[in-house]
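Engineer: How does the following fold in three dimensions:
(one chain, ligands or ions: 1)
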Amino acid sequence: MMAGSHIALGMAAWMAAAPHLGQPPLAPGAMALAALGGLLPDIDHPKSWVGRRVRPVSDILAALLGHRGVTHSLLAVVGCWLLLRHQAVPVAWAAPIIIGYLSHLGADLLTPGGLRLAWPLRGTWALPLCRTGSAFEPLVVALLIAAAWASLPQRPDPRTLAERWGLCFTCEALPLPPPAPPRPPRRRLAAQSTDGSQALADARQGGLEGRSHSTMPG
Ligand SMILES: [Zn+2]
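Structural biologist: Numbering: from 1, shown residues only. Prediction:
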């Protein structure tokens, strides 16, 4: 899949997994780490987003191990598990990176190229739902994001999130419909109408008296 899809799916995977790990699912720092984890496996490809940024390393990995080699295998999954289990890195940092990493493997599994899960053996596993860069890829990504969002136990107001992440500068210009104002109790309405009718009667009475005074001969 494309780098943008891996970023989105890394964040979506963290949204779905974080509540099960006792972590806040929408913390911006954790989401950024999950996005980074979603890009890391392609460090073995010199032309990938992360491969271009660590060029000597990605060149060496590609030459020695090839793309979608050990970084996309069950060995990498075991490495992730060991990292989390031995707490070499604080869980709050390691967990989102690992979930993002695993989301990358899951996403690549959906492409025809598949994964060599049993690396260094040659067999390839795939569930070829969409080709990398095809028009179908954004649809699959959108569906998975929607599923992750729907899995959240408490879904916050998306405008608040957009503001917190700096994605929305005009949120206040697009407010949700305001809640309906509470209806006054019936008794108060009745009292108001009574007062109103009383005031009207007083005004009429005053007007009549005034008129009678003005029409009386002096
Ligand atoms: Zn990959």
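
Engineer: which parts of stretch 102-120 are buried?
Structural biologist: 102-105, 107-111, 113-117, 119 (16 or more other Cβ atoms under 10 Å). No exception for glycine: its C-beta is placed from N, CA and C like everyone else's.

Engineer: Check the separation of the first and last residues in it.
Structural biologist: 19 Å (Cα to Cα, to the nearest Å).

Engineer: quick check: mean pLDDT across that stretch?
Structural biologist: The average pLDDT within stretch 102-120 is 92.

Engineer: so who does the nearest residue to residue 69 once chain neighbours are set aside touch?
Structural biologist: In space, residue 69 comes closest to residue 119 once its chain neighbours are excluded; the distance is 5.5 Å by Cβ to Cβ, 6 or more residues apart in numbering. Residues in contact with residue 119, defined by Cβ atoms under 8 Å, 6 or more residues apart in numbering, are 69-70, 72-75.

Engineer: Run through the buried residues of stretch 102-120 and flag the ones next to the ion.
Structural biologist: For the ion, the contacts drawn from the buried residues of stretch 102-120 by Cβ under 5 Å from the ion are residue 108.

Engineer: any idea which of the buried residues of stretch 102-120 is closest to the ion?
Structural biologist: Within the set of the buried residues of stretch 102-120, residue 108 lies nearest the ion; the separation is 4.4 Å, counting by Cβ to the ion.

Engineer: Quick check: chain neighbours aside, which residue is closest to the closest one?
Structural biologist: Leaving aside its chain neighbours, residue 108 sits nearest to residue 115 (5.6 Å; criterion: Cβ to Cβ, 6+ apart).

Engineer: what's the answer for residue 2, then?
Structural biologist: Leaving aside its sequence neighbours, residue 2 is closest to residue 133 (6.0 Å, by Cβ to Cβ, 6+ apart).
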